[in-house]
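Trainee: Next comes the sequence, and after it the predicted model I'd like to discuss.
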Amino acid sequence: MGTVRIGSGQNGGVYVLVRQTSGGDVLVDTLDDAGLPSEAARLTLTEFAVFVSTLESSTRESASGDPAAPRWVWEDTARIYPVLLAAGIRVQRCHDLRLCHMILKNSALTMTSELALAAPGPWDVASVGMPDQAEPRATLFDFDVHADADGSGESGTAREFRRQLDAVASAPDSGRMRLLLAAESAGALVAAEMRYAGLPWRTDVHDLLLTRELGPRVAPGLRPERLELLVRRIRSELGDATLNPDSPQELVKALQRAGLAVSTTRAWELKKLEHPVIEPLLQYKKLSRLQSANGWIWMESWVIDGRFHPDYVPGGVVTGRWATRGGGALQLPKQIRGAVIADEGWKLVVADAAQLEPRILAALAQDMSMALAGRGSDLYAGIVASGVVETRDHAKVAMLGAMYGATTGESGRLMPRLARAYPRAIALTEAAARAGERGEVVTTRLGRSSPIPGPDWHAAQDLAYELAATATDERRARSLARDWGRFTRNFVVQGSAAEWALCWMAEIRRELTALPSPDAGTERSDEAQSTTLAPGARAPFDAAPHLVFFLHDEVIVHTPAAQAEAVANIIVNAAEAAGRLLFGDFPVDFMLTVATVDNYAQAK
DNA sequence: AGGAGTAGCGCG
DNA sequence: AAAGCGCGCTACTCCT
């Protein structure tokens, strides 16, 4: 193992370039400000873990004057960080080259950079970042390790990093892009940590909830009692002894035979109908959904040792929101949230950003009136108090319409009043929509840009301008243009809200790790230990507060009960900090509802 | 038999 | 056409 000297880097910290080789070793370089490597060392994974641990712990309690934590520059957090976590090691900061590449490649703010102008390379292939596909990923590392095409001695990874730094520097107001990349990378750390730690999940309680709703568990393939009874009622009401209510086709026909004028079997359509089959049918739909999406099979495949470990995918949505893969973590129905229960002696702090997207819109547009409507209170209530609409529900429907692009119905009718009261905010959403209709790109607060429409879209627009274009062609082109306009309209708000949420979480994470443990410096008795160690958790998350869940505008922290209050404060302060990071001094409040509870169902 | 597409519904 | 954004997942359905 070679020695690795610490070079100088941004903010007094140091960049450390980490490359995984196909042989399983890790190449480590320290980099200077320009992204140039100084010395390289080849480490085994075990040596690497020790190296990381040493560098992190020497800076963890950094008082002023101590060096800041290194920023680990690596290709893919999702791939390398779990290795460290499994060894009980956390890092403070990283730069995720894969995620940052995507942002920089697409952003309108870095369009003229070398990185954006380069022909698609290995950093652009779709397979990169897909952890379940081990095969295609090896090619990237092979490429990287051997790539020295220009004879500069610079690895592909180092070159990519340098290009990224250059691209950032080329952006107007580059601080924002720098913040976005830091937030995106911090999100990747959070995602890996949350997956590793898992969401506390009591399968016994889950089983109880299921049994209460569906009846006792039965063999796979059979219907639980309550579902079976409902199917019998439905069949007898419709006079069809073999009807499968899960088949929309069969069901529509059976309903039509019963004299009901329906073309779909959607629940909200059925609700409008008057017929004795409707009640059991709606109930069946609700319960069978619970059974198939989050029933016993789900429980056994996704909950391990009392923890739900979903696979979060940062940047998995075009707008910058996260996606998840497997387990449907972002769709946990309220019905079963009662199974999310803090460990003995621990609490869940559940926090939710209230009316996040309208507040984001107000700040984006620098719309002072709208910001004031949300100052210190419910934004929708504030809109009502300003006399713009009569009820909170109207305010909400109108706002959603403005952000989603509603044109008809109640939402469409209320919009003009909103536009009169908040011209700046509405002008921003309209401008974003018009840009999309023209096929242009729109960009979030920190610099994530929308994709350009595909070839079919452009073909349809071109066709509408041909002399031979029919009315149908024109209608089709206009409809597609409006669809894309609604997408870009929403992109700006949803994407900026996602950036706020990333900053929020990054702040929460940073402050949580800085939180002193209550028993620091004292000898911990076995008894005290039993109340602070989470039995189901894994080091380094078994004794300290940590994030366990994230849902677009909501977080859950699992914490020893004694620290719950401190955690709640951190979360509130982090929201304020995130607002300042994105919008400086613009006086928009980001209100939270925070609840300290034993189980998730108690929040809200 | 297995893959792609659709319907429907859960979440924000 | 729920009136309008973004997702993931399951079961059914159609196609090869």
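Mentor: Perfect, thanks for sending it.
Trainee: For DNA strand C, what's its nearest residue on chain A.
Mentor: residue A:406 (2.5 Å; CB to the nearest atom of the strand). Every residue, glycine included, has its C-beta placed from N, CA and C.
Trainee: three-state assignment of that residue?
Mentor: coil (DSSP: H, G, I helix; E, B strand; the rest coil).
Trainee: cool, residue A:556 as well?
Mentor: The assignment at residue A:556 comes out as strand when based on three-state DSSP.
Trainee: residues touching it, list them.
Mentor: When contacts are counted by CB atoms under 8 Å, 6 or more residues apart in numbering, residue A:556 touches A:199, A:340, A:348-351, A:547-550, A:600.
Trainee: Can you verify my assumption that residue A:540 contacts residue A:88?
Mentor: Yes - counting by CB atoms under 8 Å, residue A:540 touches residue A:88, with 5.3 Å between them.
Trainee: Using neighbour counts, pick out the buried residues of stretch A:260-278.
Mentor: By neighbour count on 16 or more other CB atoms under 10 Å, the buried set for stretch A:260-278 is A:260, A:262, A:265, A:270, A:277-278.
Trainee: filter the residues you listed down to the ones near DNA strand B?
Mentor: Filtering the buried residues of stretch A:260-278 for proximity to DNA strand B (criterion: CB under 7 Å from any atom of the strand) leaves residue A:265.
Trainee: Turn the buried residues of stretch A:260-278 into JSON lines, columns for secondary structure and pLDDT.
Mentor: Converted to JSON lines, the buried residues of stretch A:260-278 look like this (DSSP: H, G, I helix; E, B strand; the rest coil; pLDDT from 0 to 100):
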{"residue": "A:260", "secondary structure": "coil", "pLDDT": "91"}
{"residue": "A:262", "secondary structure": "coil", "pLDDT": "90"}
{"residue": "A:265", "secondary structure": "coil", "pLDDT": "93"}
{"residue": "A:270", "secondary structure": "helix", "pLDDT": "92"}
{"residue": "A:277", "secondary structure": "coil", "pLDDT": "94"}
{"residue": "A:278", "secondary structure": "helix", "pLDDT": "94"}
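Trainee: Output the buried residues of stretch A:260-278 as a markdown table; include the columns distance to residue A:441.
Mentor: Converted to a markdown table, these look like this (distance: CB to CB, whole Å):
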| residue | distance to residue A:441 |
| --- | --- |
| A:260 | 47 |
| A:262 | 42 |
| A:265 | 40 |
| A:270 | 41 |
| A:277 | 50 |
| A:278 | 47 |
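Trainee: where along chain A do the strands fall?
Mentor: Here chain A has its strands, by DSSP state E, at A:15-20, A:26-31, A:37-43, A:71-74, A:93-96, A:199-200, A:303-304, A:307-308, A:311-313, A:323-325, A:346-353, A:546-550, A:554-560, A:592-597.
Trainee: Export those to JSON lines and append columns for mean pLDDT.
Mentor: Below are the strands of chain A laid out as JSON lines (pLDDT from 0 to 100):
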{"stretch": "strand A:15-20", "mean pLDDT": "92"}
{"stretch": "strand A:26-31", "mean pLDDT": "88"}
{"stretch": "strand A:37-43", "mean pLDDT": "81"}
{"stretch": "strand A:71-74", "mean pLDDT": "96"}
{"stretch": "strand A:93-96", "mean pLDDT": "97"}
{"stretch": "strand A:199-200", "mean pLDDT": "96"}
{"stretch": "strand A:303-304", "mean pLDDT": "94"}
{"stretch": "strand A:307-308", "mean pLDDT": "96"}
{"stretch": "strand A:311-313", "mean pLDDT": "94"}
{"stretch": "strand A:323-325", "mean pLDDT": "93"}
{"stretch": "strand A:346-353", "mean pLDDT": "97"}
{"stretch": "strand A:546-550", "mean pLDDT": "97"}
{"stretch": "strand A:554-560", "mean pLDDT": "97"}
{"stretch": "strand A:592-597", "mean pLDDT": "97"}
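Trainee: Redo these as a markdown table? Include distance to residue A:566.
Mentor: Putting the strands of chain A into a markdown table (distance: least, CB to CB, whole Å) gives the following:
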| stretch | distance to residue A:566 |
| --- | --- |
| strand A:15-20 | 31 |
| strand A:26-31 | 35 |
| strand A:37-43 | 37 |
| strand A:71-74 | 27 |
| strand A:93-96 | 23 |
| strand A:199-200 | 19 |
| strand A:303-304 | 29 |
| strand A:307-308 | 24 |
| strand A:311-313 | 25 |
| strand A:323-325 | 29 |
| strand A:346-353 | 10 |
| strand A:546-550 | 13 |
| strand A:554-560 | 8 |
| strand A:592-597 | 11 |
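Trainee: what does the stretch 501-604 of chain A have sitting close to DNA strand C?
Mentor: Counting by CB under 7 Å from any atom of the strand, the residues of the stretch 501-604 of chain A close to DNA strand C are residue A:552.
Trainee: And the helices in the stretch 501-604 of chain A, which stretches?
Mentor: Counting by DSSP state H, counting those that start in this stretch, the stretch 501-604 of chain A has these helices, from start to end: A:526-532, A:564-583.
Trainee: Of all those, which one is nearest residue A:109?
Mentor: Residue A:109 lies closest to helix A:564-583 among these, at 15.3 Å (CB to CB).
Trainee: Now the closest one: average pLDDT?
Mentor: Over the span of helix A:564-583, the pLDDT mean works out to 98.
Trainee: helices or strands next to it in the packing?
Mentor: strand A:346-353, helix A:356-364, helix A:471-514, strand A:554-560, strand A:592-597 (3 or more CB pairs under 8 Å, 6 or more residues apart in numbering; DSSP states H and E).
Trainee: And the contacts of stretch A:268-285?
Mentor: The contact list for stretch A:268-285 (CB under 8 Å, 6+ apart) reads A:227, A:230-231, A:233-234, A:237-238, A:245, A:255, A:258, A:260, A:262, A:267.
Trainee: related to what we said a few turns ago, can the buried residues of stretch A:260-278 go into CSV with extra columns for distance to DNA strand C?
Mentor: Output for the buried residues of stretch A:260-278, formatted as CSV (distance: CB to the nearest atom of the strand, whole Å):
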residue, distance to DNA strand C
A:260, 16
A:262, 11
A:265, 10
A:270, 11
A:277, 18
A:278, 15
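Trainee: Out of the buried residues of stretch A:260-278, which is nearest to DNA strand B?
Mentor: Distances from DNA strand B to the buried residues of stretch A:260-278, taken as CB to the nearest atom of the strand, are shortest for residue A:265 (3.7 Å).
Trainee: these two touch, right, that closest one and residue A:252?
Mentor: Yes - using CB under 8 Å, residue A:265 is in contact with residue A:252, at 5.8 Å.
Trainee: Get me the contact residues on the stretch 201-350 of chain A for DNA strand C.
Mentor: Counting by CB under 7 Å from any atom of the strand, the residues of the stretch 201-350 of chain A near DNA strand C are A:244, A:246-250, A:264, A:268, A:292-293, A:298, A:313, A:316-319, A:321, A:323-328, A:330-331.
Trainee: could you flag which of the residues you listed are buried?
Mentor: A:250, A:298, A:313, A:316, A:319, A:321, A:324, A:327, A:330.
Trainee: Could I get the pLDDT score of the nearest residue to residue A:484 once chain neighbours are set aside?
Mentor: Excluding its sequence neighbours, the residue lying closest to residue A:484 (CB to CB, 6 or more residues apart in numbering) is residue A:436, at 4.6 Å. Note for residue A:436: predicted pLDDT of 96.
Trainee: again, but for residue A:326
Mentor: 86.
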